[in-house]
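Sequence and predicted model, in that order:
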Amino acid sequence: QINCLICDKTDFEILFEKDRYSLFCQIGICKECGMIQQTKYYNSNLLKIFFNNYYNDIYDQFENAKARFKEQYIGAPRIYNFCKEYLSNDKNTFEVLELGCGAGGILKYFQDKGSNVTGIDFDDKHLEYGRSKGLKLYNKYNFNKKYDLILLSHVLEHIVDANLEINKIKKILKKDGLIYIEVPSIHTIKYNNYKFNILQFIHIAHCYYFSIK
């Protein structure tokens with residue numbers, strides 16, 4: 001059982017009991033603030049098994065690690081240019097950490113621009129592909145340094161205790177550092193994403209369904 005991420009209440013109206021793959025997940029809308037999220041979620045041990053062994057196989061956005069790396073790399077300039085504008089550093093070289101890096105395509109772009117990069121993810125197949133491109137990628141990591149930039153691109157929606165995680169991340173951020181967070185928005189349904197079918201947006205791996213509000 002998990003409380004509302006925003007207001008910490010437990011009064012939900014259940015909207016879905018399965019996701020687009022017909023896997024069980026109980027998703028509700030908070031009657032207090034309108035947050036849409038899973039009301040019950042899997043424990044951390046099962047989640048690690050799921051993300052390590054199954055997530056990238058059932059998730060139909062990427063054919064394989066190579067395809068994921070390529071798509072990440074193509075989209076990376078947008079993230080790089082946005083972050084560079086806000087980082088208080090006139091140089092191009094940053095210490096960058098990405099949590100949930102996948103195959104590492106975003107980090108590769110930052111590395112090509114001169115940054116020192118490190119990535120963490122659970123899927124060893126995708127990590128191995130990124131390592132073959134010269135990246136430092138790990139499935140666990142001891143945080144013994146601080147970073148100019150920490151990336152969470154399409155990661156926060158997977159984290160059960162998002163507030164706790166962000167507070168932990170702050171401790172490894174340099175004084176003038178930046179945390180970059182990007183999440184999918186449920187509002188995109190109205191722009192004909194997923195052919196207006198909201199069930200296709202519902203995904204067992206997503207704990208939260210963020211909106212602009």
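That came in fine, so what should we check first?

contacting residues around the residue nearest the centre of the chain?
Central residue of the chain (C-alpha atoms, centre = their mean): Val155, 1.1 Å from the mean position. By C-beta atoms under 8 Å, 6 or more residues apart in numbering, the contact list for Val155 reads 99-100. C-beta coordinates here come from the backbone N, C-alpha and C atoms, glycine included.

Could I get the phi/psi values of it?
Dihedral angles of Val155 (phi, psi; degrees, to the nearest 10) stand at phi -120, psi -40.

Lowest mean pLDDT among the helices and strands, pick that one out for the chain.
helix 55-58 (a mean of 77; mean pLDDT, DSSP states H and E).

What residues of that one count as buried?
55-56 (16 or more other C-beta atoms under 10 Å).

related to what we said a few turns ago, please report how far the residue nearest to the centre of the chain lies from Tyr109.
17 Å (C-beta to C-beta, to the nearest Å).

can you check Thr118 too?
Taking C-beta to C-beta, one finds Thr118 at 14 Å from Tyr109.

One more: Gly130?
From Gly130 to Tyr109 the distance is 12 Å (C-beta to C-beta).

More neighbours: which of these two?
Gly130 (25 against 20; other C-beta atoms under 10 Å).

and the closest residue to that one other than its chain neighbours, what is it in contact with?
Spatial nearest neighbour of Gly130, excluding adjacent residues (C-beta to C-beta, 6 or more residues apart in numbering): Gly104 at 2.9 Å. By C-beta under 8 Å, 6+ apart, the residues touching Gly104 are 69, 72, 98, 119, 126-127, 129-131, 133, 135, 137.

Are any of those buried, and if so which?
So, by 16+ other C-beta under 10 Å, the buried ones in those are 69, 72, 98, 119, 126-127, 129-131, 135, 137.

pLDDT and secondary structure added to the residues you listed, as CSV?
Listed next are those as CSV, based on pLDDT from 0 to 100; DSSP: H, G, I helix; E, B strand; the rest coil:
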residue, pLDDT, secondary structure
Phe69, 95, helix
Gln72, 96, helix
Glu98, 97, strand
Gly119, 97, strand
His126, 91, helix
Leu127, 95, helix
Tyr129, 96, helix
Gly130, 96, helix
Arg131, 97, helix
Leu135, 97, coil
Leu137, 96, strand
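
ok, so of the residues you listed, who is nearest Lys9?
Set against Lys9, the nearest of the buried ones among the contacts of Gly104 by C-beta to C-beta is Glu98 (32.6 Å).

Provide a list of residues in contact with the closest one.
Here Glu98 is in contact with 104, 106-107, 117-120, 150-153 (criterion: C-beta under 8 Å, 6+ apart).
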